[in-house]
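S.K.: predicted model and sequence below, questions to follow.
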Amino acid sequence: MGWISTIWLSSIVSQGEHRLSHVEPWVANRLWTLQTATDQNVERLDFTDDRLEIVRRHLNDEHRWEQFESSLNQHTIRVYDLSCERVHVDRTTASAYTSVSPDGLFQFGPSKDHRPDLPQVQVMQAVLDPLAMPLATDVVSGERADDPLYIPCIKRVQESLQRSGQLYVGDCKMAAHATRAFIALAGDYYLCPLPQTQLAEGELEKALEPVWRGEQALTAVLREDEHGKAKRIAEGYEYPRPMSVEVEGKRREWSERRLVVRSLRHAQAAEAALRARVAKAQAQVEALNRRGRGRKRFEEIEALRQAVNDIVKRYGVEAMLCLRYEEHTTTRPVRAYKEREAYVKQESQATVAVRVDEEALESAVRRLGWRIDSTNQPSEQLSLEQAVLAYRNEYLVERSLGRLKGRPLSLRPMYVQRDDHATGLIRLLSIALRVLTLLEFVVRRQLTAEGATLSGLYAGNPKRETARPTAERLLEAFQDVTLTVIETVIEGGGQVYRHLTALSPLQERILDLLGFSSRVYRRFCTVSHEPL
């Protein structure tokens, strides 16, 4: 089963295709190559749909999978000497062309694939910082809420690593009080932004008051840009907050640091968007006063007020516009026509005067970009600056889930009908994800140790250098390696010549960075006497 899974994963990474029907023909065209590479007696019938389905059913076994995943984590961390201080946790959805059963895995729910018409499963993943290698992958039904999914995933990581003191980083869905309590009481740390539901009423405004009065000094958060210059990206301060929870009738307590942080880029973008919305709303309200062909004329203030309210609510600027309504009576001459005599017509018209409430607008602008993060890790181990930078690495788990769903693993959409097949497939792909992240990590670590860069990976710009190549580009560098088989027939037998494309300096360099020998490829070049 191990070799079948390995070769199947090679097929998936090569083709970006997880459907069973694509594996057997791929293997059939590479029998000799696969036999030589694996030193196994590889046959085409080893990879029929029935046999691959057996692999997926085995991977669906919850108990065996947890044992395997835990063992694999410990082995990988030991062999590659990986740091386990920080873990990122997040979830995504994966849709499928299948039907929904009442108690099944595939259910309708809020879709991150923007396919609410398809049933889905949810994939919860915890990855190791900084290489984004998955430590735990949970598959649950598609309709479940996010909050309860964090504790089971984190618990499996804790049992797998068998150590305390890890920092778990997540989004606001991880900020549920029960999740934070579970992490803190287990001897670990958490870092996540607090949604409004986890804050006391008016807590953010109260925390910002001393900042606006100039009484609270702010700590600058700096990060180097692509030119190596330190750039101010955020600012903030912190205050303590005692926390407690009741467990089995006993009150358990811990201390939490609340970080009041303002992202400068987010604040600038939000301000530009807010001012644009105000300007659009003002222009559309003013347009209601204009008269002309095709324009609605408002005779009563209430009808006009309803139209104005619809506009300001659509743009979310109710408190930032000052409105004054008036009703006018106007006269308009009507010309004579045929037997109708000319006359003067009286009309009623409601108008609205609108201006921007600059004070309210500035008050809203100064609130933009601020949020409150929470962590229980002491400041000696995690400063405010380090906390902000750590949370900004949350893209690692998002990138991991993106790789899982996009190329080369291509989980989305799933072409499976059974729940056990879906779970088995996702777990199989999580192993492939480990391979990609480790390959990338090893090359980057070696380049950093040498103080070197790698060039030749970018089509159209071969001189472009990088110290952070992706696994996908590293693998693409080998796509032009070709094995040519030449058969000569003579009386009583014949010879088979196998010629391999000579490895380029770039390919030799990548193998060297990975710690591999070029003999991995050269052993395919043989001359043999074989009966033909």
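M.R.: Cool, the structure landed. Numbering: from 1, shown residues only.

S.K.: C-alpha from now on. contacts and neighbour counts both.
M.R.: Fine.

S.K.: list the contacts of the longest strand seen in the chain.
M.R.: If you go by DSSP state E, the chain has its longest strand at strand 230-247. Strand 230-247 has contacts (CA atoms under 8 Å, 6 or more residues apart in numbering) with 181, 216-225, 251-265, 384.

S.K.: right, and the helix or strand after that strand?
M.R.: Next in sequence after strand 230-247, counting helices and strands by DSSP states H and E, comes strand 250-263.

S.K.: how about the next helix or strand after that next one: buried residues?
M.R.: On the C-terminal side of strand 250-263, the nearest following helix or strand under DSSP H and E is helix 264-287. Within helix 264-287, the residues scored as buried using 16 or more other CA atoms under 10 Å are 264, 267, 271, 274, 277-279, 281-282, 285-286.

S.K.: residue ranges with poor pLDDT in the protein?
M.R.: Low-confidence segments of the chain (pLDDT under 70): 491-493, 526-532.

S.K.: please parse it into its domains.
M.R.: 268-365, 477-529 (automatic domain parsing).

S.K.: contacts for stretch 144-153 next, please.
M.R.: With CA under 8 Å, 6+ apart as the criterion, stretch 144-153 contacts 89, 91, 109, 124-126, 136-138, 173-174, 176, 179, 182.

S.K.: chain center to stretch 482-501: distance?
M.R.: 49 Å (CA atoms, centre = their mean, to the nearest Å).

S.K.: quick one: buried residues of it?
M.R.: 495-496, 498-500.

S.K.: likewise stretch 397-413?
M.R.: Of the residues in stretch 397-413, 397-398, 400-405, 407-413 count as buried by neighbour count, 16+ other CA under 10 Å.

S.K.: how about stretch 15-28?
M.R.: Within stretch 15-28, the residues that count as buried by 16+ other CA under 10 Å are 15-18, 20, 22-24, 26-27.

S.K.: distance to residue 340 and secondary structure added to those residues, as CSV?
M.R.: Formatted as CSV, the buried residues of stretch 15-28 follow (distance: CA to CA, whole Å; DSSP: H, G, I helix; E, B strand; the rest coil):
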residue, distance to residue 340, secondary structure
15, 81, helix
16, 79, coil
17, 79, coil
18, 80, coil
20, 83, helix
22, 83, helix
23, 86, helix
24, 89, helix
26, 88, helix
27, 91, helix
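
S.K.: paired strands for the longest strand of the chain, with orientation please.
M.R.: strand 219-224 (antiparallel), strand 250-263 (antiparallel) (DSSP bridges).

S.K.: which of those strands sits most buried?
M.R.: Mean neighbours per residue, mean count of other CA atoms under 10 Å, is largest over the strands paired with strand 230-247 for strand 250-263, with a mean of 18.

S.K.: quick one on the thing from earlier: of all the strands paired with strand 230-247, which one comes closest to residue 206?
M.R.: strand 250-263 (10.9 Å; CA to CA).

S.K.: contact partners of that closest one?
M.R.: The set of residues external to strand 250-263 that reach it, using CA under 8 Å, 6+ apart, is 184-185, 207, 233-246, 368-377, 384.

S.K.: of those, grab the buried ones for PyMOL.
M.R.: To isolate in PyMOL the members of those that are buried, counting by 16+ other CA under 10 Å, one can use:
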select buried, resi 184+207+233+234+235+236+237+238+245+368+369+370+371+372+373+374+375+376+377+384
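
S.K.: please name the nearest non-neighbouring residue to the most centrally placed residue in the chain.
M.R.: By CA atoms, centre = their mean, the chain has its centre lying nearest to residue 398, at 2.1 Å. Nearest non-adjacent residue to residue 398, counting by CA to CA, 6 or more residues apart in numbering: residue 90, 7.3 Å away.

S.K.: which residues does that neighbour bridge with?
M.R.: residue 125.

S.K.: and the strands in the stretch 251-400 of the chain?
M.R.: Here the stretch 251-400 of the chain has its strands, by DSSP state E, counting those that start in this stretch, at 321-334, 343-356, 370-375.

S.K.: could you dump the strands paired with strand 230-247 to a markdown table with distance to residue 54?
M.R.: As requested, the strands paired with strand 230-247 are arranged in a markdown table below (distance: least, CA to CA, whole Å):
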| stretch | distance to residue 54 |
| --- | --- |
| strand 219-224 | 50 |
| strand 250-263 | 47 |
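
S.K.: residue 434 is nearest to which of those strands?
M.R.: It is, among the strands paired with strand 230-247 and with distance given as CA to CA, strand 219-224, at 28.6 Å.

S.K.: so for residue 160, which of the domains of the chain sits nearest?
M.R.: domain 477-529 (26.6 Å).

S.K.: go through the helix or strand where residue 442 lies and flag the buried ones.
M.R.: Element membership for residue 442, per DSSP H and E: helix 419-450. Of the residues in helix 419-450, 419-434, 436-444, 446-447 count as buried by neighbour count, 16+ other CA under 10 Å.

S.K.: that one packs against which elements?
M.R.: On a contact count with 3 or more CA pairs under 8 Å, 6 or more residues apart in numbering; DSSP states H and E, helix 419-450 meets helix 2-15, helix 49-59, strand 133-141, helix 395-405, helix 471-476, helix 505-514.

S.K.: export the ones you listed to a markdown table and tack on distance to residue 191?
M.R.: Output for the helices and strands packed on helix 419-450, formatted as a markdown table (distance: least, CA to CA, whole Å):
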| stretch | distance to residue 191 |
| --- | --- |
| helix 2-15 | 34 |
| helix 49-59 | 32 |
| strand 133-141 | 18 |
| helix 395-405 | 14 |
| helix 471-476 | 29 |
| helix 505-514 | 34 |
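
S.K.: returning to that earlier point: what's the closest of the domains of the chain to residue 67?
M.R.: Among the domains of the chain, domain 477-529 comes nearest to residue 67, with 28.3 Å by CA to CA.

S.K.: for that closest one, what is the distance to the chain centroid?
M.R.: On CA atoms, centre = their mean, the centre of domain 477-529 falls 39 Å from that of its chain.

S.K.: equivalent analysis for stretch 8-23, please.
M.R.: 23 Å.

S.K.: what's the span of it from first residue to last?
M.R.: 7 Å (CA to CA, to the nearest Å).

S.K.: contacting residues around it?
M.R.: Against stretch 8-23 from outside (CA under 8 Å, 6+ apart): 26-27, 47-49, 52, 407-411, 415, 428-429, 432.

S.K.: how about 7 Å then?
M.R.: 26, 47, 49, 407-410, 415, 432 (CA atoms under 7 Å, 6 or more residues apart in numbering).

S.K.: and for stretch 97-106?
M.R.: Contacts for stretch 97-106 (CA under 7 Å, 6+ apart): 107, 118-121, 140-142, 414-415, 417, 419.

S.K.: ok, 6 Å please
M.R.: 107, 119-121, 141-142, 417, 419 (CA atoms under 6 Å, 6 or more residues apart in numbering).

S.K.: residue 509: which of the buried residues of stretch 15-28 is nearest?
M.R.: Out of the buried residues of stretch 15-28, the member with the shortest distance to residue 509 (by CA to CA) is residue 15, at 24.5 Å.

S.K.: residues contacting the residue lying farthest from the centre of the chain?
M.R.: In the chain, the greatest distance from the average C-alpha position (CA atoms, centre = their mean) is reached by residue 339, at 74.8 Å. Taking CA under 6 Å, 6+ apart, we find residue 339 in contact with no residue.

S.K.: all good on my end, thank you.
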